[in-house]
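**Student:** Output the structure for:
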Amino acid sequence: MLPRFGLALLLAGLGSVPSLAQEASLASVVTFDTVCLQCHEGECSGRLALRTEKNPEGVANHVKGYAGAQSTSTVLELKALIAGLKRDCRLPPPPVALPPDGRWTPAMLSALTLPDQTRLFVPLGVLAPGNQRLSLASAGGAARVRVQVLAQNFDIVVDEEAALNPGGTVAWRADESSTYFLRLMAKTPLGAVSVSNQSVAK
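**Tutor:** Next comes the predicted model:
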């Protein structure tokens, strides 16, 4: 059960969903994109019709079942992000700057990784149509990982298993100009991950 002050804050916050979505913390956006988005994007695309739990304590328990126990402020932000998803039909990008050379170091990716280190979500930026090569590496982490590349409109362009530790590559193609994102998922901690994506000449 939520503490009384937490329940009161959650009740008050449900009326300010749009502003909360714009101000959501990086940690909440990463949780949303790595966990919540896998089912809730269906509410926008029409693939699924999910019931939105309106009871504040029910919202918190729903989040706990999929993403673990979260603070009241995080629950508020996740609910706001879902409302924004339904309104805009766009996934919320993590509010981080892309490295100029497209290479993400372990230090850069630490803030884009869940606390249990089993998932991360990385913006790849706006890519022109063409062949791409994704390079992955990890020190001391899972040997293999599930790789998903998503377009801004939720289309999953890549969904396959790849080597992670010590390293591996995934060849893929961007069929249209769009903003793309990378989601990595493993059953054990990912370790110190490095990621880069480069366009490949024909």
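**Student:** Now stretch 183-193: buried residues?
**Tutor:** R183, L184, M185, A186, P189, L190, G191, A192, V193 (16 or more other Cβ atoms under 10 Å). Heads up, the C-betas are built off the backbone N, CA and C, glycines and all.
**Student:** Just the pLDDT for the first one.
**Tutor:** Meaning R183. Looking at R183, its pLDDT reads 95.
**Student:** What's opposite V145 in the beta bridge?
**Tutor:** With DSSP bridges as the criterion, V145 is bridged to A162.
**Student:** from memory it sits against L164, does it?
**Tutor:** Yes - contact criterion Cβ atoms under 8 Å: V145 and L164 qualify, at 4.2 Å.
**Student:** neighbour-wise, which of these two wins?
**Tutor:** V145 (27 against 23; other Cβ atoms under 10 Å).
**Student:** residue contacts, the residue minimising distance to the centre of the chain?
**Tutor:** Closest residue to the average C-alpha location of the chain: D33 at 2.3 Å, with Cα atoms, centre = their mean. If a contact means Cβ atoms under 8 Å, 6 or more residues apart in numbering, then D33 has L91, P92, P94, F121, F181, R183 as its contacts.
**Student:** now the helices for this structure?
**Tutor:** 4-13, 17-22, 26-31, 37-40, 42-45, 56-67, 72-88, 106-109 (DSSP state H).
**Student:** weakest of those helices in terms of mean pLDDT?
**Tutor:** helix 4-13 (a mean of 39).
**Student:** re the thing from before, and the furthest pair within the contacts of D33?
**Tutor:** P92 and R183 (13.5 Å; Cβ to Cβ).
**Student:** hang on, the earlier thing: reformat the buried residues of stretch 183-193 as a markdown table; add distance to T105.
**Tutor:** Shown next, in a markdown table, are the buried residues of stretch 183-193 (distance: Cβ to Cβ, whole Å):
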| residue | distance to T105 |
| --- | --- |
| R183 | 19 |
| L184 | 15 |
| M185 | 20 |
| A186 | 19 |
| P189 | 17 |
| L190 | 14 |
| G191 | 13 |
| A192 | 9 |
| V193 | 9 |
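**Student:** Nearest to Q117 among these?
**Tutor:** P189 (3.9 Å).
**Student:** Not counting its neighbours along the chain, what's nearest G167?
**Tutor:** A137 (3.9 Å; Cβ to Cβ, 6 or more residues apart in numbering).
**Student:** Next one: that neighbour from V35, what distance?
**Tutor:** A137 is 24 Å from V35, where distance means Cβ to Cβ, to the nearest Å.
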